[in-house]
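K.L.:
A predicted structure for the sequence below; I have some questions about it.
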Amino acid sequence: MKPSETLRLRDRRSFIQSVAKTCFGACCVSAVPGVFSSVTADHHHERRIYTSIKMGMFNEKISLLEKFRILQELGYDGIELNSPGGVDKKEALEASRTLGFPIHGAVDSIHWGIRLSDPDPEVRQKGLDGLLKAIEDVHFVGGDAVLLVPGAARDPENESHGHVWTRSIEQIHKALPSASKWGVRILIENVWNNFLYDPNGDNRQSAALLAAYLDEIDSPWVGSYFDIGNHQKFGKPAEWIRMLGHRIVKLDVKDWGVSQGFCKIGEGDVDWADVRRALKEIGYTGWATAEVGGGDRERMKDIKQRMDTHLLGA
C-alpha cells in the first residue's frame, strides 16, 4: 500500500470514529455511508448501494404516505426531499416512521437562484440562511446530508470562477458549526455551472479541480455528491469516481449522450460497466438517487429497473 493510501485510510478511520461519537452522543439517527445506516436497524451491517429518487420526480396527486408506500413496494430504499420549502416535513417524517422508509437527505432548493457566490453580500447571506434551514430540516426528518450547488460562474467580472471558489468556501465554512451540531454533511454536486471544469473544453477533463476545491474546504462535514451523468460531456464518470475516491459520499444517477443529451438511464454514453468497476474499486457504499425526468408509478418502476440494471448490475 502506498503511503498516500495509508494516510487516506487512517484519516477515514479517524473521521468515522469522531462521527460515531458525535452521533451516539447526540442520539443522532443519521449515518456515515458504509459504516452506519440510516435505512433501518435491520440494515446496520449491510454494505451496499441504496437506491432513491428525488421527491419531486413522483408527480401523482396522492398523499406522501401513499407515495412512500409505492416507492417502497417498487424496491426503493428511501427518498430525498427539498429544503427550504418542498413537502411538509412533519408529514414526511410521520410517513417515513410509519413505513420504516427513510428520508436520507435533502437538496438545497434555492442554491441556483440565491447563490453563495452572488456578488451581493446580502444575497450570499440569504443563501447561507437557506443552507442552514436545509441542514435543520434534514436533521428533523432523520437524514444525513444536504446536496449543495456552491455557485455559478456567470459573469467574468462579478461572478467568475475565482469568485465562486472564494465566496462559496467562505459561506460553507460559516455553515460548518451547524453541520457538526446536527450531524448533517454538506455535499457538493458537480453540475453545469461553469465551475470546476472548462465549459468550452473537451471530453477528457478530470475531477482534479473538484478534488482540490473539496480539499481546500478541508472538513469531514463536506464531501462530494457525485452526479454520474452530469459531466459525461466533459470527462469520463468512472475516472472522476476513481480520482474523487473517498471524497464521494453520495451519488446522483442520470445519463447523457452526444446525440441524446440528458436521457433515460442506460440510453446515453455513460460507460456503466466501468462506473460499476470504479465504485467497487473505491469501496463505495451508500445512497444513489436518480435525478431524471419523473412521472407516475410506472415511470418510478422503470427508473428503478434501470438503476438496478445499469448502476447495480443486477
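P.N.:
It's in. Residues are numbered from 1 along each chain as shown.

K.L.:
so where's this structure uncertain?
P.N.:
When residues are selected by pLDDT under 70, those of the chain lie in 1-46.

K.L.:
How many residues are close by Asp144?
P.N.:
Neighbour count of Asp144, defined by other Cβ atoms under 10 Å: 30. All C-beta atoms are positioned from the backbone trio N, CA, C, and that covers glycine.

K.L.:
Is it correct that it is in contact with His104?
P.N.:
Yes - using Cβ atoms under 8 Å, Asp144 is in contact with His104, at 6.5 Å.

K.L.:
List the buried residues for the host helix or strand of His173?
P.N.:
If you go by DSSP states H and E, His173 is part of helix 161-182. Neighbour counts over helix 161-182 (16 or more other Cβ atoms under 10 Å) mark 161, 163-165, 167-169, 171-172, 175, 178-180, 182 as buried.

K.L.:
swap in stretch 284-295?
P.N.:
Neighbour counts using 16+ other Cβ under 10 Å place Tyr284, Thr285, Gly286, Trp287, Ala288, Thr289, Ala290, Glu291, Val292, Gly294 of stretch 284-295 among the buried residues.

K.L.:
can you check stretch 85-97 too?
P.N.:
Going by neighbour count (16+ other Cβ under 10 Å), the buried part of stretch 85-97 is Gly86, Val87, Lys89, Ala92, Leu93, Ala95, Ser96.

K.L.:
got the residue ranges for the strands in the stretch 151-300 of the chain?
P.N.:
For the stretch 151-300 of the chain, strands defined by DSSP state E, counting those that start in this stretch occupy the ranges 185-189, 222-227, 248-253, 255-257, 261-263, 286-290.

K.L.:
Out of those strands, which gets nearest to Ser109?
P.N.:
Nearest to Ser109, of all the strands of the stretch 151-300 of the chain, is strand 185-189, at 12.9 Å by Cβ to Cβ.

K.L.:
Adjacent strands (with direction) for the closest one?
P.N.:
strand 145-148 (parallel), strand 222-227 (parallel) (DSSP bridges).

K.L.:
how far away is the closest residue to Phe262 other than its chain neighbours from Gly113?
P.N.:
Leaving aside its sequence neighbours, Phe262 sits nearest to Trp256 (Cβ to Cβ, 6 or more residues apart in numbering; 5.3 Å). Applying Cβ to Cβ, to the nearest Å, the value for Trp256 to Gly113 is 24 Å.

K.L.:
Equivalent analysis for Gly257, please.
P.N.:
29 Å.

K.L.:
Those two: which has the busier surroundings?
P.N.:
Neighbour tally, Gly257 and Gly113, criterion other Cβ under 10 Å: the higher count belongs to Gly257, 15 against 11.

K.L.:
what's the neighbour count on the nearest residue to the more buried one once chain neighbours are set aside?
P.N.:
Distances taken as Cβ to Cβ, 6+ apart place Gly268 nearest to Gly257, at 3.5 Å, with adjacent residues excluded. Close neighbours of Gly268, defined as other Cβ under 10 Å, add up to 21.

K.L.:
Show the contacting residues for Gly268.
P.N.:
Gly229, Gln232, Asp255, Trp256, Gly257, Gln260, Phe262 (Cβ atoms under 8 Å, 6 or more residues apart in numbering).

K.L.:
how about 10 Å then?
P.N.:
By Cβ atoms under 10 Å, 6 or more residues apart in numbering, the contact set of Gly268 is 229, 232-233, 254-262, 310.

K.L.:
just checking, Pro220 touches Ala179?
P.N.:
Yes - using Cβ atoms under 10 Å, Pro220 is in contact with Ala179, at 9.5 Å.
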